[in-house]
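*Asks:* Sequence first, then the predicted structure:
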Amino acid sequence: MTTPAPEYSQENQSFFKKLADRLFSPHSSITEIGKRRQAQLTATLSFILTIALGNGLLFGPTALATFLILFFIALLSYLLSRTKYYLVSAFLLTFGILVNAFLPLYFGTASNFLTSVYTITPLAFILASALLPTFGQVLITTIGVTATALSPYYSDMVPPNLVSSTAGSLMSFGLILIGLGRFRTNTENKRLEETRQINRELEAIKTSLEERVEERTQELELRSSDLVIANQYNEQRAKQFEAITLVGNAVSSIRSLDELLPKVTELISLQFGYYHVGIFLNDANNENAILSAANSEGGQRMLARGHQLKIGEQGIVGYTTSTGKPRIALDVGVDAIYFENPDMPDTRSEMALPLKVGGTIVGALDVQSTKQSAFSEEDINILSLLADQVSLAIENARLFDQARKSLAESEALYRQYLRQAWTRLPKEQNLAGFRYNVRGASPIEAKIQSDTAKGGRETIEESPSPRVSVPISIRGETIGTLSVQIPETNTINDDQMDLVNAVAERVALSAENARLFEETTRRAERERLVSDITVKIRGTNDPDTMIQTALEELKQALGASKVQLIPHTLQKNDIQKQLEDPTPQSKGKPSQKSRNK
């Protein structure tokens, strides 16, 4: 009954994949992976922008000329992105959008300076960061900042007092995007180079093995009696290659060490036929190698009791984790370094390979077999390559965990900052909110109690006056409540509730933007005031005049009735006495130790 559903889903997926390939696939002449991704991203963004602007034109926008210019730029950029000139398409798209931020100012059709610049210019910077190389990002940023700084010379709509701060903000934003772009590019190049290096090593091993297989095959044609041995050899090599592939897939798909390490030991044991595979990791003090994963029953018992070996003192693993060199015991009965383990009574040969990250030893890969001389030169080479993959996976997992923790800490700090800011704002402005009715908007002096602010959920109050209350939230932090009174004879449906929730989201974004703008304005005013006072203080070389000027300016800026400078050398009682009785104790010029105003 239900079997046709997967086929239908698969057909739909195939259709949409073909459609996406037809719409966004890069030109066939572009073969490099990085360039193909960049061309595909350019095509996707320009196509989305073309569709969005086309829909906007259907509704008759007020700035029709701007919409038309952007529409044709996006369309031309999309068409070019499907050719080998995708980089020209990216430049055209970002530069066209940037120019449309300043053309309305030049022709006097913009609504206001900030809306024109802050709406379109950051979009051009973001697109440049995503689509263009570093020199393109620098060019777009330079053009945007220069056009903003020179806007008073070609537009009468630009407030002179906002030009420098706006240009500085855009420059900071552009530089941040350039830095992030360089960091992303360097990281991708480094990972690509590491992948290429591994692939070259794998290709070399593959070539070597293929050559050996070919030589053995030729020998087998002359000696038919060795055919069974050759087939076994080829099967073993195939399993080893399969193990490399499976371990590589596990390394690229699993981020957690608790999942990755047991999976690696299981794959190596299954593909190579070793009855025990274990992974040891050095502790924080680099004193003991701790068993972190194992596939055998004895290994599971060792894991349960927290098995560890002293680095440099106990066994083959201790030797390898101390020196960073592989150690092989083809016959554990005669190897002096071998550590006899009661949980591994069947071990006849053992090999330990170091796990290194950037030259630092982080652990060891321990392989044990029930056969003597179980490890050949080829086994050692392939297992060494697997050990390098495991080392890379360990480092990637640790970096991923650190990045995740850092992101969580950043989110927590930002939410705490939002909570403090919005808790402080009503107290500073002595305002609980706004009420809107047919007579217009009016401030709310008394704070309205709401279950939404406490629980963060929408509620409908049935009596005495039904209301719909939804939270106003930013990044999970509730900063207020949107309360809508319902006529007693009406009810609210799901569509209306969705509308109220959408309005609450817009209110949250607008309120946060307004708060950030106000905070930025206050900070800029404070910096300007400090700069003005500093300039006046530096206008003289006389220390007394400098102190007098500082006190005068500080008193005027704060609106204080008195500003007092008390030297650190005065005792606490002297300070209290001067605060209670500001009458000077001596006549004449005030001393350098105390100046009052």
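*Replies:* It's in.
*Asks:* all helices for the stretch 301-450 of the chain, in order.
*Replies:* Using DSSP state H, counting those that start in this stretch, the helices of the stretch 301-450 of the chain run over residues 315-323, 377-429.
*Asks:* Just say which of these is most tucked in.
*Replies:* helix 315-323 (a mean of 23; mean count of other C-beta atoms under 10 Å). Just so you know, the C-beta spots here come from the backbone N, C-alpha and C atoms, and that holds for glycine as well.
*Asks:* so what does that one touch, helix or strand wise?
*Replies:* Applying 3 or more C-beta pairs under 8 Å, 6 or more residues apart in numbering; DSSP states H and E, one finds that helix 315-323 makes contact with strand 276-282, strand 288-294, strand 308-310, strand 327-329, strand 349-357, strand 360-369.
*Asks:* ok, back up a step: and Thr115, which of the helices of the stretch 301-450 of the chain is closest to it?
*Replies:* Comparing the helices of the stretch 301-450 of the chain by their distance to Thr115 (C-beta to C-beta), the top pick is helix 377-429, with 24.2 Å.
*Asks:* now for that closest one, which elements pack on it?
*Replies:* In this structure, helix 377-429 makes packing contacts with helix 160-222, helix 227-253, helix 257-272, strand 349-357, strand 360-369, strand 477-485, helix 494-537, judged by 3+ C-beta pairs under 8 Å, 6+ apart.
*Asks:* Repeat the analysis, applying 6 Å as the threshold.
*Replies:* Packed against helix 377-429 by the contact rule (3 or more C-beta pairs under 6 Å, 6 or more residues apart in numbering; DSSP states H and E) you find helix 227-253, helix 257-272, strand 349-357, strand 477-485.
*Asks:* Val117 is nearest to which of the ones you listed?
*Replies:* Taking C-beta to C-beta, strand 477-485 is the member of the helices and strands packed on helix 377-429 nearest to Val117, at 27.4 Å.
*Asks:* could I have that closest one exported to CSV, CA atoms only?
*Replies:* Output in CSV follows, covering the C-alpha atoms of strand 477-485 (Å, rounded to 0.1, in the frame of the first residue of the first chain):
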residue,chain,number,x,y,z
GLU,A,477,15.1,36.9,25.0
THR,A,478,11.6,38.4,25.7
ILE,A,479,11.9,42.2,25.8
GLY,A,480,8.2,43.0,26.0
THR,A,481,4.6,42.1,25.1
LEU,A,482,2.3,43.0,22.3
SER,A,483,-1.2,43.0,23.7
VAL,A,484,-4.2,43.3,21.3
GLN,A,485,-7.7,43.9,22.7
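*Asks:* Now that strand: buried residues?
*Replies:* Judged by neighbour count using 16 or more other C-beta atoms under 10 Å, the buried positions of strand 477-485 are Glu477, Thr478, Ile479, Gly480, Thr481, Leu482, Ser483, Val484.
*Asks:* residues contacting the last one?
*Replies:* Translated: Val484. Contacts for Val484 (C-beta atoms under 6 Å, 6 or more residues apart in numbering) come out as Val468, Val500.
*Asks:* which residues does it form a beta bridge with?
*Replies:* Bridge pairing for Val484 (DSSP bridges) gives the partners Val468.
*Asks:* What lies in contact with stretch 51-60?
*Replies:* Counting by C-beta under 6 Å, 6+ apart, residues outside stretch 51-60 touching it are Phe67, Leu70, Phe71, Ala74.
*Asks:* 8 Å instead, please
*Replies:* Residues from elsewhere that reach stretch 51-60, judged by C-beta atoms under 8 Å, 6 or more residues apart in numbering: Leu64, Phe67, Leu68, Leu70, Phe71, Ala74.
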